[in-house]
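>>> fold the following and give me the result.
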Amino acid sequence: MASVIVNRANRSGQSLQDVVSARGQFLGYSRGMNILNSGNFGVNGSAECERLRTAVRAVSEVLQNGVVNDSIFNWRGVMQERLVRKGGRMIIQRFIRRQGNAIRAAYTDFF
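Sure thing, here's the model as predicted:
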């Protein structure tokens, strides 16, 4: 996912900051920045703390060593949910979305 951000920046000539803060693109960015700026990363070793460590490692790796694949500009979760009406009730229906020739890893298609 860090590669997607760097690839988009390289393609568009924008900064990494411009890419991640673009409206409607990285919907968790604002929340993540709020957590980062709050300094509240959870207890050392907690799930919140480890997620932050993983994100920092991923970005550091890409910035130091370059992207793994420079042709990937998007990703989508492939396990999707939608509400459907069944027997007069609304239920959640789960389905797998295919993104063409995407590379699939961990229920995510990169393309």
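
>>> please enumerate the helices of the protein.
2-12, 16-20, 29-38, 47-65 (DSSP state H).

>>> distance between the last one and the chain's centre?
Averaged C-alpha coordinates place helix 47-65 at 12 Å from its chain's average position (CA atoms, centre = their mean, to the nearest Å).

>>> that one vs helix 2-12, what angle?
40 degrees (axes from the mean of the first three to the mean of the last three CA atoms, to 10 degrees).

>>> of all the residues in helix 47-65, which ones are buried?
Residues of helix 47-65 classed as buried: 52, 62 (neighbour count, 16 or more other CB atoms under 10 Å). C-betas here are computed from N, CA, C, even on glycine.

>>> closest one to Phe73 among the helices of the chain?
When the helices of the chain are compared by CB to CB, helix 2-12 sits nearest Phe73, at 5.4 Å.

>>> before we move on, back to that, and of the helices of the chain, who's closest to Gly77?
helix 2-12 (13.5 Å).

>>> and that closest one, what other elements does it pack with?
helix 16-20, helix 47-65 (3 or more CB pairs under 8 Å, 6 or more residues apart in numbering; DSSP states H and E).

>>> one step back: mind putting the helices of the chain into TSV with mean pLDDT and distance to Arg85?
What follows is those, written out as TSV (pLDDT from 0 to 100; distance: least, CB to CB, whole Å):
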stretch	mean pLDDT	distance to Arg85
helix 2-12	93	35
helix 16-20	92	37
helix 29-38	82	32
helix 47-65	86	36
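
>>> report the contact partners of Ser71.
Residues in contact with Ser71 (CB atoms under 8 Å, 6 or more residues apart in numbering) are Asn7.

>>> what does the one 3 residues further on give?
By CB under 8 Å, 6+ apart, the contact set of Asn74 is 4, 110-111.
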